[in-house]
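Novice: Build the 3D model from these lines:
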Amino acid sequence: MDSADVIIVGGGLAGLVAAAELGDRGKSVILLDQEGPQNLGGQAFWSLGGLFMIDTPEQRRMGIRDSHALARSDWMGSAGFDRDEDHWPRKWAEAYLDFAAGEMRSWLHGMGMRWFPIVGWAERGGSFADGHGNSVPRFHITWGTGPGTMEPFEARVRAHVKAGRISLKFRHQVDRIIMKNGAATGVSGTLLHEDQAARGQQTNRDAIGEFEILAPSVIVSSGGIGGNFEMVRKSWPEERLGPAPKDMIAGVPAHVDGRMIDIARHAGGHLINGDRMWHYTEGVKNWDPIWPGHGIRILPGPSSMWFDAMGNRFAPPALPGFDSLSTLKAILETGHDYSWFVLTQKVIKKEFALSGSEQNPDFTGKSWKDVIRQRILSGSKATPPVEAFKDKGEDFVVANDLAGLVRGMNQIAGGNLIDEARLRAQIEARDAQIDNPFAKDVQVNAINAARQYRGDRIVRTAKPHKFLDPANGPLIAVRLHILTRKTLGGLQTNLDSQMIGADGQVVPGLFAAGEVAGFGGGGYHGYNALEGTFLGGCLFSGRNAGRSEAIA
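Specialist: A predicted model of the protein is given here:
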């Protein structure tokens, strides 16, 4: 096939969803990707599979009272839309909220998707009710994690491939969108040499030829910029977050390179909110890396004490799992690119989860037997992947007393930035707050509040205890790096997924979906993400693109 009704550039989740919907409409589709078939699904494959949904049976069974109105208040308070160019992002946010509170769950459930029964509480905020954060738990972990989220859409696409409606063309690197009389008519680019590298590993860019494919509609669903540190630093909002980190680790593979953004702009698309991005502050270097600079995010419960590089405890809302961007800003204000968690074995056992499908083999493998064995019947140990990082990760320090912990921390960081007496005084002050069910320490109060939610009490929040009591040991310190991840801004689109040019007019034949479109409109998150809204945004924007009435 060298022509079709629609070309889709990028075989990640948004591209797969768009292709499946177009195939259902009887459209002929050519899906192109610069990677090989082993990378179909893109970054979604590596995700934990969390989805932001509203007022679900899973929430109600856990005693959570959610509503569209409450979720809208949380979203808008987090987004902080304040620019003229937020017109379409705001419309996409409203539309996603309607979807997440409406047919999202039934649509996915009808394709066979299921969710872990305990709903997670991500991005808890930590300031005012009308500010950033989730008022209630909304993070639904897909049974099967990222691969389980991809599975129904890949199956639908492969059925259309078998029927001859969709053609998958891998190792096709798009270099240009062909425009004629102001309208998209196809794409051209470079054929890349085959590469048998395992999924996620960096592949070659050796050219073996060229190609040109024609179609009256082109959907760009090529992902973000998190694997391209140069683009991340170029887009970094220094006036808002401070100078870009000198040292970062990568939460996404190298092929998340952002190259299609400028290609789409040259064709008439318009990038907005490029300074809005979402990077994590709890990254650790992967002891068994897959891609360059591979980092893993710790998904923390609320109990770890968080210190800067010099051993000073961060002030709220810089608490574990509460406000990512405020914490990022607080870290960068210290002049260092890293920070520290200090915790106990009791905390790591109950509260540490690692983001990613490969770090949660029990969930990914849909094995209740393994979930029970690894998370409930494991004694004092955390899950095997967490214990492996504790034993082998270069960012972990384990010691039986604080003196040994501080020596290890200073050895890892180089120099003697951490003063044992200063660190001890802060931990002792916190420990003194544990004797009563009430306290003045904000974090201790947050822990007590978290345990009022049944899900946190069962699997996510350790019972309050004194860190310096040897019975709760050993002590653990974790050096945390800035971890690149998501692009919140993107190519501007209307609700039909048509690209909007800098002049405010539709670019005929040109569409965008997924992260490259800021998950909808050019940035439907605004300044902050509530989590579960990345995969959710790929599903929703991919579906909108595939169902777009602008695709004849």
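
Novice: so where's the stretch 301-450 of the chain uncertain?
Specialist: The stretch 301-450 of the chain contains no residues with pLDDT under 70.

Novice: for the stretch 351-500 of the chain, what spans make up the helices?
Specialist: Taking DSSP state H, counting those that start in this stretch as the criterion, the stretch 351-500 of the chain contains helices spanning 361-364, 368-375, 384-392, 402-413, 420-431, 442-450, 454-455.

Novice: between the ones you listed, which gets nearest to Asp130?
Specialist: Asp130 lies closest to helix 442-450 among the helices of the stretch 351-500 of the chain, at 18.5 Å (CB to CB). (C-beta placed from N, C-alpha, C; glycine too.)

Novice: export that closest one as CSV, just CAs?
Specialist: The C-alpha trace of helix 442-450 is given here as CSV (Å, rounded to 0.1, in the frame of the first residue of the first chain):
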residue,chain,number,x,y,z
VAL,A,442,1.7,18.1,58.9
GLN,A,443,3.1,14.9,57.5
VAL,A,444,2.1,12.8,60.5
ASN,A,445,-1.4,14.2,60.3
ALA,A,446,-1.4,13.4,56.6
ILE,A,447,-0.4,9.8,57.4
ASN,A,448,-3.2,9.5,59.9
ALA,A,449,-5.7,11.0,57.5
ALA,A,450,-4.5,8.6,54.7
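
Novice: Helix 420-431 and that one, what's the angle between them?
Specialist: Per axes from the mean of the first three to the mean of the last three CA atoms, to 10 degrees, the angle that helix 442-450 makes with helix 420-431 is 40 degrees.

Novice: Show me which residues of helix 442-450 are buried.
Specialist: 443-444, 446-448, 450 (16 or more other CB atoms under 10 Å).

Novice: still on that earlier bit, could the helices of the stretch 351-500 of the chain be laid out in JSON lines, adding distance to Trp75?
Specialist: Shown next, in JSON lines, are those (distance: least, CB to CB, whole Å):
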{"stretch": "helix 361-364", "distance to Trp75": "26"}
{"stretch": "helix 368-375", "distance to Trp75": "31"}
{"stretch": "helix 384-392", "distance to Trp75": "31"}
{"stretch": "helix 402-413", "distance to Trp75": "38"}
{"stretch": "helix 420-431", "distance to Trp75": "33"}
{"stretch": "helix 442-450", "distance to Trp75": "22"}
{"stretch": "helix 454-455", "distance to Trp75": "21"}
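
Novice: Figure out which of the ones you listed is closest to Pro243.
Specialist: helix 402-413 (19.5 Å).

Novice: List of residues touching the closest one?
Specialist: 309, 338, 340, 342, 394-395, 397-399, 416-420, 423-424, 427, 468, 475-477, 479 (CB atoms under 8 Å, 6 or more residues apart in numbering).

Novice: Tell me what angle it forms with helix 420-431.
Specialist: With the same axes, to 10 degrees applied, the angle from helix 402-413 to helix 420-431 works out at 120 degrees.

Novice: what distance separates helix 402-413 from the middle of the whole chain?
Specialist: Its chain's C-alpha centre and that of helix 402-413 lie 31 Å apart, by CA atoms, centre = their mean, to the nearest Å.

Novice: before we move on, back to that, out of the buried residues of helix 442-450, flag the one nearest to Gly509.
Specialist: Nearest to Gly509 among those, with distances taken as CB to CB, is Ala450, at 49.8 Å.

Novice: how close does the closest one get to Leu325?
Specialist: Ala450 sits 21 Å away from Leu325, taking CB to CB, to the nearest Å as the criterion.

Novice: returning to what we had before: only the buried subset of the contacts of helix 402-413, as a PyMOL command please.
Specialist: Remark: buried members of the contacts of helix 402-413, expressed as a PyMOL selection using 16+ other CB under 10 Å:
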select buried, resi 309+338+340+342+395+397+398+399+418+420+423+427+475+476+477+479
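
Novice: which stretches of the stretch 1-150 of the chain form strands?
Specialist: Taking DSSP state E, counting those that start in this stretch to define them, one finds strands in the stretch 1-150 of the chain at 6-9, 29-33, 50-52, 139-141.

Novice: what's the closest of the ones you listed to Val506?
Specialist: It is, among those and with distance given as CB to CB, strand 6-9, at 16.4 Å.

Novice: Give me the contact list for that closest one.
Specialist: Identification of contacts with strand 6-9 by CB under 8 Å, 6+ apart yields 15, 18-19, 22, 27-33, 174, 186-187, 213, 215, 217-222, 260, 551.
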